[in-house]
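> the sequence and its predicted three-dimensional model are supplied below.
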Amino acid sequence: QGSRWGRAAAGVRHLTSETLTELRIKAEVFDYEFFQNVSAFGPEGTFLWAVTPKTHLITRGGIDQRVYSQDQPRNGVYGWIGEYLRFFLGEKNHELVLGGRYIGASADKTAYSYDGWEGSARLLLKLPYAFELGPFVNFAQEYYNGPGTALESKSRRDDRWRMGSTLTYRITEAWAAEVNYQYTNNDSNCGLYKYEQHLVTT
């Protein structure tokens with residue numbers, strides 16, 4: 001299947017002095033793992049309320065139909081909804097975003113269906129010479145309740161940490177270059193799903 005990556009979206013946006021409401025339909029394809037990619041299509045939305053100029057409350061969510069190029073039993077409906085607080089700090093308006101979300105999936109094969117939650121924190125530091133540093137961390141728990149097999153627990157739980165940082169250089173208002181490092185540790189009560197991953201993107 002090779003490597004594929006792309007996204008297109010169309011929608012509407014309503015903006016006032018204190019709120020932003022946005023609803024769009026998106027279609028995307030992204031690499032899931034070696035030799036496999038995922039196509040997704042569905043709506044996503046954002047509602048932002050500026051409680052004060054430096055404190056924003058953000059509600060976001062989305063739902064999509066996914067098709068896996070190789071692992072068809074994972075095909076199904078995936079969705080999430082989350083609540084976030086964004087703070088602007090100091091004269092340079094550094095950003096701190098804290099929040100959490102519910103995540104879930106209803107896959108064609110019951111063993112791949114899950115529900116769970118995720119908490120996250122992200123900091124954006126605006127540095128001299130048009131550089132920005134964006135460290136982040138999130139923790140998620142996912143609960144799989146599919147039928148057990150000889151190799152898998154009937155009630156599987158995954159605890160997943162992701163952490164890393166992005167370094168961005170703002171070339172102009174419209175162009176930027178960035179490098180991102182992400183470390184993932186997935187701990188599961190089923191040994192098949194325990195793994196560590198180091199990912200670098202540019």
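Alright, I've got the coordinates. Numbers count the residues shown, from 1 in each chain.
> list the strands paired with the strand or helix carrying Leu98, with their directions.
Leu98 is located in strand 94-107, with elements delineated by DSSP states H and E. Partners of strand 94-107 in the sheet, by DSSP bridges, are strand 76-89 (antiparallel), strand 114-126 (antiparallel).
> ok, residues contacting it?
The contact list for strand 94-107, computed with CB atoms under 8 Å, 6 or more residues apart in numbering, reads 58, 60, 73-89, 112-126, 140, 142. For glycine as for every other residue, the C-beta is placed from the backbone atoms N, C-alpha and C.
> which among these count as buried?
For those, a neighbour count by 16 or more other CB atoms under 10 Å gives the buried set as 58, 60, 74-76, 78-80, 82, 84, 86, 112-114, 116-118, 120, 122-126, 140, 142.
> doesn't Val67 make contact with Gly76?
No - using CB atoms under 8 Å as the test, Gly76 is too far from Val67 to be in contact (9.2 Å).
> before we move on, back to that, for Leu192, which of the strands paired with strand 94-107 is the nearest?
Closest to Leu192 of these, according to CB to CB: strand 114-126, at 14.8 Å.
> residue contacts, Ala40?
By CB under 8 Å, 6+ apart, the contact set of Ala40 is Lys26, Ala27, Glu28, Val29, Phe30, Asp64, Gln65, Arg66, Val67, Tyr78.
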